[in-house]
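Enquirer: below are the sequence and a predicted model; questions follow.
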Amino acid sequence: MKRTGVGGGVRAPAALPTATPAAASTPLEQLARNLVAAGAPGVIVRVDDGRGRPVEITEQAPWAHRLEAGDEFRMGSNTKTVMAAITLQLVAEHRLSLADPAAKWLPGTPSGVTLRMLLNHTSGLYDYTEDPAIRNAILGKDPHRWTAAELLAVGVAHPPVFAPGTDWSYSNTNYAAVGVILERVTGASLADLVRDRIARPLHLTHTYLPADGSWRGRHAHGYEPDAAHMPPTVPAEFTGVAGTPKAGHVDVSGNDPGWGSSAGAIVSSAPDWARFSTALMSGKLLPPAQLAEMRTVVGPGYGLGILTATTPCGTIWGHDGGITGYSSSTITDGTGRRTATILVPTEFLYEFDAAPELAEAQRALQDATTCAMFGKPVTAGPAT
């Protein structure tokens, strides 16, 4: 859950079996096949340019579980956009203020940290995912079900990395704190808040905060290379991922994502996320004042739970996400009329920049998907 750009790159070791490129009927299909040929277990691509039926593409390696366009997927840090939206709903209801000191709800948090700073990563709080206490949960080896309050405690046990409001640094502890605040203010669980404020109103039938490693519907199987096939650039302490062996990988689909909590545990699907993005950016979920606050950016273009970037084809808003076995990139335009999603069922190699070839293939697919979303020409380039 460390990546903070809209997009990213992944890699699988060259020694693992991959798909053989086949002739594709469209440039996006070719680029998706290039990604799999470069080592990704698979990919789901969904693009809606706002002018007709969305384009949906699925590709997978021969050894991997078959993907479908509507598969449930662990969305990682895209969860932050949902949590920010719920927070801003409560701001609009005058139950919270962005200027509230975090300590009002969270005794023991550093003085000077406000709710806004938690949402836009300017609090200076240490990232709990860097603490070795969380490592076995990330690897799928810890049976303990972490709560947002416990994850927050791990983060604030470390000294802040800078004084509140003086710099920008992405930290999952910020959203652990947001999760605890949401539960304390509303008296409802995070799962119920996601259900009642986001999923049910928008009719998102595959979007939820899971109670454990189980799924509600058909889902993508996520993979990480096994210890024998993990690239040497991945730190040794991250090479022993738990899961079911599969063709030089382990299937981590049943691993509990609870260590992500309000920072990264949401499950959704490409169609559901498109509907959420459209509702969010069009103002269906938030009043104009709160949507404007969400879109007020600092640092590398980070707002309140959302990122923006200017590309050659247009300005995008969105987030990306990574949780063991699952990487996601979601974008929309400023109106929410156009949306695009790329879902790749592997993640560790995003975090450690372990595979430049696959990263390059992913960037090409990301760039082309962005242009397709804006109705701009797309070229595939050479097959991998």
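Expert: Everything's here; your move.

Enquirer: poorly predicted segments of the chain, please.
Expert: Segments of the chain classed as low confidence (criterion: pLDDT under 70) are 1-24, 381-384.

Enquirer: quick one: the helices in it?
Expert: 27-37, 79-92, 102-105, 115-120, 135-138, 148-156, 172-186, 190-194, 200-202, 261-264, 270-281, 288-294, 348-351, 356-373 (DSSP state H).

Enquirer: what comes into contact with the fourth one?
Expert: Right, helix 115-120. Contacts made with helix 115-120 from outside it, assessed by CB atoms under 8 Å, 6 or more residues apart in numbering, are listed as 84, 87, 96-100, 102, 122-125, 164-165, 168, 174-175, 177-178, 181, 297-299, 302-305. (Glycine included, C-beta is placed from N, CA and C.)

Enquirer: pull the number of nearby residues for the closest residue to Ala85 other than its chain neighbours.
Expert: In space, Ala85 comes closest to Leu285 once its chain neighbours are excluded; the distance is 5.5 Å by CB to CB, 6 or more residues apart in numbering. By other CB atoms under 10 Å, 24 other residues sit near Leu285.

Enquirer: distance check, the closest residue to Ala103 other than its chain neighbours against Glu29.
Expert: Taking CB to CB, 6+ apart, and ignoring the residues beside it in sequence, Ala103 has Thr109 as its nearest neighbour in space, at 5.1 Å. Distance, Thr109 to Glu29, by CB to CB, to the nearest Å: 49 Å.

Enquirer: for burial, what's the neighbour tally of the residue nearest to Ala103?
Expert: Burial measure for Thr109: 23 neighbouring residues, criterion other CB under 10 Å.

Enquirer: just the strands in the stretch 1-150 of the chain please.
Expert: Under the criterion DSSP state E, counting those that start in this stretch, the stretch 1-150 of the chain contains strands at 42-48, 55-60, 73-74.

Enquirer: mean neighbour count, those strands: which tops it?
Expert: With neighbours defined by mean count of other CB atoms under 10 Å, none of these is more surrounded on average than strand 73-74, at a mean of 32.

Enquirer: tell me the strands beside that strand, with direction?
Expert: Sheet pairing for strand 73-74, assigned by DSSP bridges, gives strand 267-268 (antiparallel).

Enquirer: give me the residues contacting the partner strand.
Expert: For strand 267-268, the external contacting residues (CB under 8 Å, 6+ apart) are 72-75, 78, 204, 206-210, 215-216, 219, 257, 276.

Enquirer: out of everything not next to it in sequence, what's closest to the residue minimising distance to the centre of the chain?
Expert: For the chain, the residue sitting closest to the mean C-alpha position, by CA atoms, centre = their mean, is Gly321 at 1.9 Å. Taking CB to CB, 6+ apart, and ignoring the residues beside it in sequence, Gly321 has Gly76 as its nearest neighbour in space, at 2.6 Å.

Enquirer: and Ala340, by the same measure?
Expert: Of all residues apart from its sequence neighbours, Met373 sits closest to Ala340 (CB to CB, 6+ apart), at 4.2 Å.

Enquirer: the residue nearest to Gly321: neighbour count?
Expert: Applying other CB under 10 Å, we find 28 residues neighbouring Gly76.

Enquirer: next, the contact list for it, please.
Expert: With contact set as CB under 8 Å, 6+ apart, Gly76 has these partners: 1, 260, 264, 320-323, 326-328, 347.

Enquirer: compile those residues into CSV and extend it with columns for distance to Gly240.
Expert: Supplementary listing: the contacts of Gly76 in CSV, determined by distance: CB to CB, whole Å:
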residue, distance to Gly240
Met1, 19
Gly260, 19
Gly264, 21
Asp320, 25
Gly321, 23
Gly322, 18
Ile323, 17
Tyr326, 19
Ser327, 20
Ser328, 24
Glu347, 15
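
Enquirer: what residues of the longest strand along the chain count as buried?
Expert: Under DSSP state E, the strand in the chain containing the largest number of residues is strand 314-323. Counting neighbours by 16 or more other CB atoms under 10 Å, one finds that the buried residues in strand 314-323 are 314, 316-323.

Enquirer: elements contacting that strand?
Expert: helix 79-92, helix 261-264, strand 307-311, strand 326-332, helix 356-373 (3 or more CB pairs under 8 Å, 6 or more residues apart in numbering; DSSP states H and E).

Enquirer: want to throw those into CSV with mean neighbour count?
Expert: Formatted as CSV, the entries for the helices and strands packed on strand 314-323 read as follows, by neighbours: other CB atoms under 10 Å:
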stretch, mean neighbour count
helix 79-92, 24
helix 261-264, 28
strand 307-311, 16
strand 326-332, 27
helix 356-373, 22
